[in-house]
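**Q** Quick one, fold the following:
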Amino acid sequence: MATNQTPGYEIPAEMRDFAEKSVEQARKAVDGFLGAAQKTVDTFEGSANTVQASTKDVTRKTFTYAEQNISAAFDLAQKMVRAKDVQEAMQYQAEFVRSQFEAMQTQMKEFGALAQAAVKQPGSKK
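**A** Purely as a prediction, here's the structure:
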């Protein structure tokens with residue numbers, strides 16, 4: 001009876017060494033890629049948190065200013081309804097315009113300060 005044994009094929013040691021080095025290099029490359037990807041994700045998350053916090057601050061301020069401005073407009077309307085004559089109504093209107101102009105200047109300064117603070121926060125590019 002004849003035996004059908006295949007002669008054993010051995011992988012040369014040089015080829016094994018080359019394959020091991022290739023796998024190790026690939027592992028290092030993938031680890032480096034994953035590390036860089038994780039740093040990128042962390043940076044984006046930090047930036048997103050910074051932007052989100054700044055957006056919340058601006059939104060709160062916007063609503064606060066809107067409430068103040070609406071309240072001032074209703075106060076003016078109430079004064080105008082109660083005015084004794086046109087001269088008194090015109091005086092109320094002038095006071096309203098002056099106070100709203102001052103309020104808008106203050107509001108714009110505060111919005112500018114919020115924008116500058118957002119740019120200077122950690123995680124931003126400035």
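**Q** Going by contacts, tell me the helices and strands next to the helix or strand that residue 39 is a member of.
**A** Taking DSSP states H and E as the criterion, the element that holds residue 39 is helix 13-82. Counting contacts by 3 or more C-beta pairs under 8 Å, 6 or more residues apart in numbering; DSSP states H and E, helix 13-82 packs against helix 86-120. Placement of C-beta: from N, CA and C, glycine included.
**Q** What residues sit buried inside the helix it packs on?
**A** By neighbour count on 16 or more other C-beta atoms under 10 Å, the buried set for helix 86-120 is 89, 92, 96, 100, 107, 114, 118.
**Q** Show me which of those is closest to residue 24.
**A** residue 118 (44.9 Å; C-beta to C-beta).
**Q** Excluding sequence neighbours, find me the nearest residue to that closest one.
**A** Using C-beta to C-beta, 6 or more residues apart in numbering and skipping the chain neighbours, the partner closest in space to residue 118 is residue 54 (3.7 Å).
**Q** my guess is the one you found contacts residue 117, does it?
**A** Yes - between residue 54 and residue 117 there is a contact at 7.4 Å, judged by C-beta atoms under 8 Å.
**Q** can you tell me which residues contact residue 96?
**A** 72-73, 76 (C-beta atoms under 8 Å, 6 or more residues apart in numbering).
**Q** Mind doing that once more with 7 Å?
**A** 72, 76 (C-beta atoms under 7 Å, 6 or more residues apart in numbering).
**Q** do the same with residue 53
**A** Counting by C-beta under 7 Å, 6+ apart, residue 53 has no contacts.
**Q** Distance check, it against residue 63.
**A** 16 Å (C-beta to C-beta, to the nearest Å).
**Q** rewinding a little: looking at the buried residues of helix 86-120, which one is closest to residue 28?
**A** Comparing the buried residues of helix 86-120 against residue 28 with C-beta to C-beta places residue 118 closest, at 38.7 Å.
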